[in-house]
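# Quick one, what's the 3D model for this:
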Amino acid sequence: MSAVPEGWELHTSRKTGKDYYRNKFTGESQWEFPGGPAAGGRGDEQVRCSHILAKHNQSRRPSSWREENITRSEDEAIHIIEAHRRRIASGEMKFEDIASTESDCSSARKGGDLGFFSRGSMQKPFEDASFTLDVGEISPVISTDSGIHIILRTA
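Numbering: from 1, shown residues only. Model prediction:
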């Protein structure tokens, strides 16, 4: 048998003992040998997004360029992000202006811009939200191991 195409993993079913193939980007599996690289990997659909991040004391790295030791709770971070979202939706502030001064991510220096990315390169809840948004749409509040976000799809 030839090598498994890029993005696929070979597994053996515990129940049947038969080999099957799992797409490491989407998690989908199939019995048939894949006909090519897995969909959902690099080189497939890409999106461009900006985000605003509020870290909290349970974030995987509770520090940022703005604050060395973040002590706020997750609930406080959610309230902060919800307030930012309301200010943007009302037209009071622009997304990139809030991101530049309030985001706990180093992307703040670029107005929150993360550039283009493919599936498999961001934390799953962030990725799922990013790929379901229309260009120009802002996500609801999204929670990841990094903290609490809102995401703006820009391309």
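# What residues of the one helix or strand residue 11 maps to count as buried?
Per DSSP states H and E, residue 11 falls inside strand 8-12. For strand 8-12, the buried set under the neighbour-count rule, 16 or more other C-beta atoms under 10 Å, comprises residue 8. Backbone N, C-alpha and C define where each C-beta goes, glycine included.
# Given it, what are its sheet partners and their directions?
strand 19-23 (antiparallel) (DSSP bridges).
# Could you identify the helix or strand that succeeds the partner strand?
strand 29-30.
# top helix in the chain by residue count?
Determined from DSSP state H, the single longest helix within the chain is helix 74-89.
# list the helices and strands that helix packs on?
strand 46-54, helix 95-102, strand 147-153 (3 or more C-beta pairs under 8 Å, 6 or more residues apart in numbering; DSSP states H and E).
# now these in TSV, with mean pLDDT?
Converted to TSV, the helices and strands packed on helix 74-89 look like this (pLDDT from 0 to 100):
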stretch	mean pLDDT
strand 46-54	95
helix 95-102	97
strand 147-153	98
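# re earlier: the longest helix of the chain to helix 95-102, inter-axis angle?
Orientation check (axes from the mean of the first three to the mean of the last three C-alpha atoms, to 10 degrees): helix 74-89 against helix 95-102 gives 140 degrees.
# What residues of helix 74-89 count as buried?
74, 77-78, 80-81, 84-85, 87-88.
# just the helices and strands packed on helix 74-89: most buried one?
strand 147-153 (a mean of 25; mean count of other C-beta atoms under 10 Å).
# distance between it and the chain's centre?
Distance of strand 147-153 from its chain centroid, counting by C-alpha atoms, centre = their mean, to the nearest Å, is 8 Å.
# residues making contact with that strand?
Contacting residues not belonging to strand 147-153 are listed as 47-56, 59, 74, 77-78, 80-81, 84-85, 88, 95, 104, 112, 126, 129-130, 133-143 [C-beta atoms under 8 Å, 6 or more residues apart in numbering].
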